[in-house]
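>>> Give me the fold of what follows.
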Amino acid sequence: MSNRLDGRVIAITGAGRGIGAATATALTREGARVAIGDIDLDIAKATAERIGGETLALPLDVTSPESVKDFMDTVESTLGPIDVYINNAGVMPLATLLGEDDTVIDRIFAINTLAVIHGTREAARRMLPRGRGHIVNVASTAGKAGVAGSATYCASKAAVVQYTEGAYAELHDQGLEFTVVMPGITRTELTDGVEDMPGFRAITPESVAEAITEAVVKPRFEVYVPKSARTILNVTRLLPFGAGQWMAKRMGVDHVFLDALERPERTAYETRAKGGAL
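Numbering: from 1, shown residues only. Modelled structure (predicted):
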């Protein structure tokens, strides 16, 4: 175990599985005292037991501001004041633009966007009196580029990017650090059935966790995983729109998610993302 984060109290939403669980593991390894919040408490408890140490598993419904407040209250009464709050919970149900159900659209924004706003505000209220704290919001490279088959998801993550930038502009001078994390296609349940794209291969949750950990140790605003995604996305945005779209098509952006829609290996995740545990 390293001691780069020795004693720091870090709370992570949606950390029972995937990127959140990998991040909890990585941060604990660095000496942090980590609290896992998840709507599936059994999964959270199993993850906390596997990680060991003082890892705390708590129930959390990120769509409820009251649940978010209760989560932070329990973390702080058990482990101490929260030094780092990571808004990680998210869902990515895929659908065509016209085939997407209205209730699914509302759910995507409730979990991916509104929960980040409520979590950021509540964490900031607790950190500002101390004049320090770090809020990490997990967005996506899809928040920087629209992808066919996931227009609503892309919009929800684009909102996270811009909200975090606005929060930084407003509160950084008062002692708060902000980081927005933009992973590419990450091999978790969220991307079941989604194939690699040319020039944009899938990454592991552990690689995202490592990048988040480094940003917690040495704060910076933008974190792309992989790092090459920054160059790819910046180049496509600098080009004329038509040229950028041509490049995106060459990479498979026009079909990679659409192709995954009917794949049987995606069925279980889609069912859960549209109304089950986060």
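>>> Can you list the residue ranges for helices in the stretch 51-200 of the chain?
Under the criterion DSSP state H, counting those that start in this stretch, helices of the stretch 51-200 of the chain are mapped to 65-78, 102-109, 115-127, 151-171.
>>> Looking at Q245 now. What's its pLDDT?
Listed pLDDT for Q245 reads 78.
>>> if you compare the helices of the stretch 51-200 of the chain, which one is most tucked away?
Greatest average neighbour count among the helices of the stretch 51-200 of the chain goes to helix 115-127 (a mean of 20), per mean count of other CB atoms under 10 Å. C-betas here are computed from N, CA, C, even on glycine.
>>> And the contacts of it?
With CB atoms under 8 Å, 6 or more residues apart in numbering as the test, helix 115-127 has contacts from 11, 13, 62-63, 65, 68-69, 72, 76, 81-82, 85, 87, 89, 133, 135, 137, 160, 163-164, 167, 171, 175-176.
>>> Now G99: phi and psi?
phi -90, psi 0 (degrees, to the nearest 10).
>>> between the helices of the stretch 51-200 of the chain, which gets nearest to I19?
Proximity to I19 (CB to CB) singles out helix 151-171 among those, at 13.4 Å.
>>> tell me what that closest one is packed against?
Judged by 3 or more CB pairs under 8 Å, 6 or more residues apart in numbering; DSSP states H and E, helix 151-171 is in contact with helix 102-109, helix 115-127, strand 133-138, strand 176-183.
>>> Can you name the residues that contact the residue nearest in space to the middle of the chain?
Nearest to the geometric centre of the chain sits V138, at 2.9 Å (CA atoms, centre = their mean). Going by CB under 8 Å, 6+ apart, V138 touches 19, 86-88, 90, 160, 181, 183, 212.
>>> Name the SS class of R237, please.
In three-state terms, and counting by DSSP: H, G, I helix; E, B strand; the rest coil, R237 is helix.
>>> Just give me the neighbour total for it.
Other residues within reach of R237, judged by other CB atoms under 10 Å, total 11.
>>> Could you pull up the contacting residues of it?
For R237, the contact set (CB under 8 Å, 6+ apart) comprises 144-145, 244.
>>> Could you list the low-pLDDT ranges of the protein?
The chain contains residues with pLDDT under 70 at 1-2, 198-200, 276-278.
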